[in-house]
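# Pasting a predicted model and its sequence here:
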Protein chains: 2
Amino acid sequence: MTASTLSEVAKLAGVSPATASRVLNGSARTPAPEIAERVRQAADTLGYIANAQAQALAKSSTGLIGLIVHDIADPYFSAIAQGVQAAARQERRMVLLATTNGTPAEEKEAVAAFAARRAESIVIAGSRSTRSEDARANTELAAELDRYCRNGGRVGVVGQAILGVAETDNYRTIAVPNEQLARDLARDLARTHKGPFVIVAGPEGLTTSDERVTGFQRGLSDAGQPAADVVHVPFNRNGGFDAGIELAWRIKASGQPVPEPRLCIFATNDVMAIGVAAALRDQGLRIPHDASLAGFDDIQWLRDFRPALSTVSLPLEEIGRLATIATLSDDGGPAAVAGSVTLRRSTGSS
Amino acid sequence: MTASTLSEVAKLAGVSPATASRVLNGSARTPAPEIAERVRQAADTLGYIANAQAQALAKSSTGLIGLIVHDIADPYFSAIAQGVQAAARQERRMVLLATTNGTPAEEKEAVAAFAARRAESIVIAGSRSTRSEDARANTELAAELDRYCRNGGRVGVVGQAILGVAETDNYRTIAVPNEQLARDLARDLARTHKGPFVIVAGPEGLTTSDERVTGFQRGLSDAGQPAADVVHVPFNRNGGFDAGIELAWRIKASGQPVPEPRLCIFATNDVMAIGVAAALRDQGLRIPHDASLAGFDDIQWLRDFRPALSTVSLPLEEIGRLATIATLSDDGGPAAVAGSVTLRRSTGSS
DNA sequence: ATGCATTGGGAATGCGCTTTCCCACCTCAT
DNA sequence: ATGAGGTGGGAAAGCGCATTCCCAATGCAT
């Protein structure tokens, strides 16, 4: 990387570096038009591009935003990333990306890396974990974030707060009413489903999934229904698929030819729901004929899936945008986001 | 951002900054164990995190990789991003993300921004455009890239080369045999489909789509079939949907109740194909009963879609990885990637 | 014509770090 | 005991830029 420097430009233009800096990178003081033009010419012929590193060092402000997600290929995260990116562009920042597979240990590493790069703010998306094997890493993550915040960094986290981080102005969380929405969903479903409910959830200790489970159970209870069975599998499509295979078995064993009342399956996110659907289909079961199915998130790419998936709509891109803006502005904008139950054909609606 | 500095650590440890630097950030010279330990202690109590900006300035190497995509929320791009991210992590680099909506003008901006940040390499994904209104921006993009390369930056581009950039060692392109694969697909389809073919393509001038169209036509010709009609729509789900509505009309007008031979639709990417499928379904048509449908890319999230989509599989993540590695290593690793025709139920196969 | 305020360019300093160069000290062979 | 060679820490010079401070030149009022 041997690009030309400011002083080369200055020399060519016959001015001091100070003057060149003033004309090329907006300053309060504006040199004379004629000089400015000469500098610009020089910069142009040399193909000068300011060294952002050096500028950052001098001004101590980098224009960098760090984004941490579990998996950028997951549509849930890529939708959020889209929002972050949009907000960043609007605020003339660049985004630094890190993926962590959801492990707090890697999240901590990412925070440290962002801190080293002096990112002005960090947006963290993806469920927290309360599993005991993650406890230690979680503590370290919290410590790292805490240090980052104390040094003036700002962080916005999507969903749940990270335990152990001092709640300062530098630390915002965009609340996602997982529990409430799952509760709403359960109540809506209970209106038309008397049958047994079962929840296909992520690993125990994955906060997002846990919240949705809790909310759903509460909703069932509100409706006077008994609690649902919960099966825990990996929080992805294949986890859903595996659970689906087992559920298909249960369904087939429970009644012939169509068990009544039909099983109603709630998967704690859409991609798991898709996995469940694929498994049921593989086993010759039809949705919603043989079982009802609902998901959570309302992933855009799944809208053309059939039967159309009942789910809870979340403004994913907006969430990314809000989290980003929250870390950039001082006013406490909306720190929460709204979602809505969206019933479709997979639960026999519409 | 008021983090503690190296010299603060040094002072606390009672050594010179040089020594502190040597122990904290790997150097050829290793200070005495006892001193090293003292420095490490000091760093720890101060919560020292090296300023990567300053390091970059001093060493002139940033450890940054720039990634340019059209739209990070598009599964095609997020799969590639996944690969880039994986390779970057493996090579201990961070990735800087930019989305451009596919416009060369924004791509140019992104390249300039990356150049300013002194990214060591840039990976560009997403179809080129040969549309006349993009000509000017393309030239500017090429100039920007050229300058970047001359300054020692390395770039890897997925798919087609960007015209006007000098082909140096710093500039690699990962070839995707779009044309050949589309040709293979056409030939395979022609084996079972005698019916009229129609291609739902992206805007004219979008190289990726154009290549796939050309290849498909060539394949039809190989099989002794007349050329397919081509309809141009936006290169996304909604473009496909719109085309699908029109095609449904055509199909219904052409015969009752089931037109024979059935129309065979080739959409130049999977998400368009999904749009087509949704439209046909909306219009009461069934796939493959009333028409066959094939896409391109084999997007992971669409595998559970039914009818299963015939398509051309591309190792998207691998492509991202290769493009990244190519910009990092000097040996000319594989500069091309293989794909394969994958026939599924949407064309009546299996 | 003189003094003062104002304008605008340049010199110099520092951002936080790496690295070269220097030097004091020590070891060992003679 | 003396000099060569080696070891390891520190001083200092940048890396490329922003910015403060200084100063010459200019404008204006008196």
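Good, I have the coordinates. Numbers count the residues shown, from 1 in each chain, chains lettered A, B, ... in the order given.

# Quickly note the distance from the closest residue to residue A:125 other than its chain neighbours to chain B.
Nearest-residue entry for residue A:125: residue A:158, 4.3 Å, with adjacent residues in sequence omitted and distances by CB to CB, 6 or more residues apart in numbering or on different chains. The way it works is simple: take the backbone N, C-alpha and C, and place the C-beta from them, glycine included. The span separating residue A:158 from chain B equals 16 Å under the rule CB to the nearest CB, to the nearest Å.

# Run a quick neighbour tally on residue A:158.
Applying other CB atoms under 10 Å in any protein chain shown, we find 26 residues neighbouring residue A:158.

# Same question for residue A:29.
8.

# Checking the nearest residue to it once chain neighbours are set aside next. Helix, strand or coil?
Excluding the flanking residues, the one nearest residue A:29 by CB to CB, 6+ apart is residue A:22, at 5.5 Å. Assigned by DSSP: H, G, I helix; E, B strand; the rest coil, the conformation of residue A:22 is helix.

# residues contacting residue A:22?
Neighbouring residues of residue A:22 by CB atoms under 8 Å, 6 or more residues apart in numbering or on different chains: A:29, A:30, A:31.

# what helices or strands is the helix or strand of chain A with the lowest mean pLDDT leaning on?
Among the helical and strand segments of chain A, the one scoring lowest on mean pLDDT, DSSP states H and E is helix A:33-46, with a mean of 88. If contacts are counted by 3 or more CB pairs under 8 Å, 6 or more residues apart in numbering or on different chains; DSSP states H and E, helix A:33-46 sits against helix A:6-13, helix A:17-24.

# What mean pLDDT does the lengthiest helix in chain A get?
When every helix of chain A is counted residue by residue (DSSP state H), the longest turns out to be helix A:237-254. Across helix A:237-254, pLDDT averages out at 93.

# And for stretch A:63-82?
Averaging pLDDT along stretch A:63-82 yields 97.

# just stretch A:131-138 next, same as before
Rounded mean pLDDT across stretch A:131-138 is 93.

# can you list the residues of chain A near DNA strand D?
Neighbours of DNA strand D within chain A, by CB under 7 Å from any atom of the strand: A:5-7, A:17-18, A:21-22, A:24-25, A:27, A:29, A:48, A:50-51, A:54-55, A:57-59.

# Can you select the buried ones from those in ChimeraX?
In ChimeraX, a selection of the buried entries from the residues of chain A next to DNA strand D looks like this (16 or more other CB atoms under 10 Å in any protein chain shown):
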select /A:5,6,21,22,24,48,50,51,54,55,57
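
# Now do the contacts for the residue nearest to the spatial centre of chain A.
For chain A, residue A:125 is the residue whose C-alpha lies nearest the centre (CA atoms, centre = their mean; 3.6 Å). Neighbouring residues of residue A:125 by CB under 8 Å, 6+ apart: A:67-70, A:77, A:80-81, A:157-159, A:319-320, A:323.

# Run a quick neighbour tally on the closest residue to residue A:91 other than its chain neighbours.
Leaving aside its chain neighbours, residue A:91 sits nearest to residue A:328 (5.5 Å; criterion: CB to CB, 6+ apart). Neighbour count of residue A:328, defined by other CB under 10 Å: 17.

# picking that back up, contacts for the least confident helix or strand of chain A?
With CB under 8 Å, 6+ apart as the test, helix A:33-46 has contacts from A:4, A:8-10, A:12-15, A:19-20, A:23-24, A:30-31, A:48.

# Could you check the angle that helix makes with helix A:17-24?
Angle, helix A:33-46 to helix A:17-24, by axes from the mean of the first three to the mean of the last three CA atoms, to 10 degrees: 90 degrees.

# For the following helix or strand past helix A:33-46, C-alpha coordinates in CSV please.
Once the chain leaves helix A:33-46, the next helix or strand it forms, by DSSP states H and E, is helix A:52-59. The C-alpha trace of helix A:52-59 is given here as CSV (Å, rounded to 0.1, in the frame of the first residue of the first chain):
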residue,chain,number,x,y,z
ALA,A,52,-8.3,7.1,7.1
GLN,A,53,-6.1,5.4,9.7
ALA,A,54,-3.9,8.5,10.1
GLN,A,55,-7.0,10.7,10.1
ALA,A,56,-8.5,8.5,12.8
LEU,A,57,-5.4,8.7,14.8
ALA,A,58,-5.2,12.5,14.5
LYS,A,59,-8.8,13.2,15.2
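
# Briefly note if helix A:52-59 comes near DNA strand C.
Yes - counting by CB under 7 Å from any atom of the strand, DNA strand C is contacted by helix A:52-59 at A:54, A:57, A:58.

# Hey, what's the angle from that helix to helix B:52-59? Just curious.
On the basis of the same axes, to 10 degrees, helix A:52-59 is oriented at 120 degrees to helix B:52-59.

# Measure how far the helix or strand just after helix A:52-59 is from the centre of its chain, please.
Using DSSP H and E, the next helix or strand after helix A:52-59 towards the C-terminus is strand A:64-69. In terms of CA atoms, centre = their mean, to the nearest Å, the centre of strand A:64-69 is set 11 Å apart from its chain centre.

# which strands and helices sit next to the helix or strand following strand A:64-69?
Note on strand A:64-69: by DSSP H and E, the next helix or strand toward the C-terminus is helix A:75-90. If you count contacts as 3+ CB pairs under 8 Å, 6+ apart, helix A:75-90 packs onto strand A:64-69, strand A:94-99, helix A:270-282, helix A:316-328, helix B:75-90, strand B:94-99.

# From one end of stretch A:146-158 to the other, what's the distance?
17 Å (CA to CA, to the nearest Å).

# and it, does that touch DNA strand C?
No - judged by CB under 7 Å from any atom of the strand, stretch A:146-158 stays clear of DNA strand C, getting no closer than 10.4 Å.

# Output stretch A:324-341 in PDB with nothing but the alpha carbons.
Output of stretch A:324-341 as PDB, limited to C-alpha atoms (Å, rounded to 0.1, in the frame of the first residue of the first chain):
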ATOM      1  CA  THR A 324     -27.400   1.400  15.100                       C
ATOM      2  CA  ILE A 325     -29.000   4.800  15.400                       C
ATOM      3  CA  ALA A 326     -29.300   4.300  19.200                       C
ATOM      4  CA  THR A 327     -25.600   3.900  19.400                       C
ATOM      5  CA  LEU A 328     -25.000   7.000  17.400                       C
ATOM      6  CA  SER A 329     -27.400   9.500  18.800                       C
ATOM      7  CA  ASP A 330     -27.800  10.800  22.300                       C
ATOM      8  CA  ASP A 331     -31.500  11.200  22.500                       C
ATOM      9  CA  GLY A 332     -33.200   8.100  23.800                       C
ATOM     10  CA  GLY A 333     -35.200   7.200  20.700                       C
ATOM     11  CA  PRO A 334     -37.500   4.300  20.800                       C
ATOM     12  CA  ALA A 335     -35.700   1.500  22.600                       C
ATOM     13  CA  ALA A 336     -38.300  -1.100  21.700                       C
ATOM     14  CA  VAL A 337     -39.900  -2.400  18.700                       C
ATOM     15  CA  ALA A 338     -43.300  -3.800  17.900                       C
ATOM     16  CA  GLY A 339     -44.300  -7.100  16.300                       C
ATOM     17  CA  SER A 340     -47.500  -8.700  15.300                       C
ATOM     18  CA  VAL A 341     -49.100 -12.100  15.100                       C
END
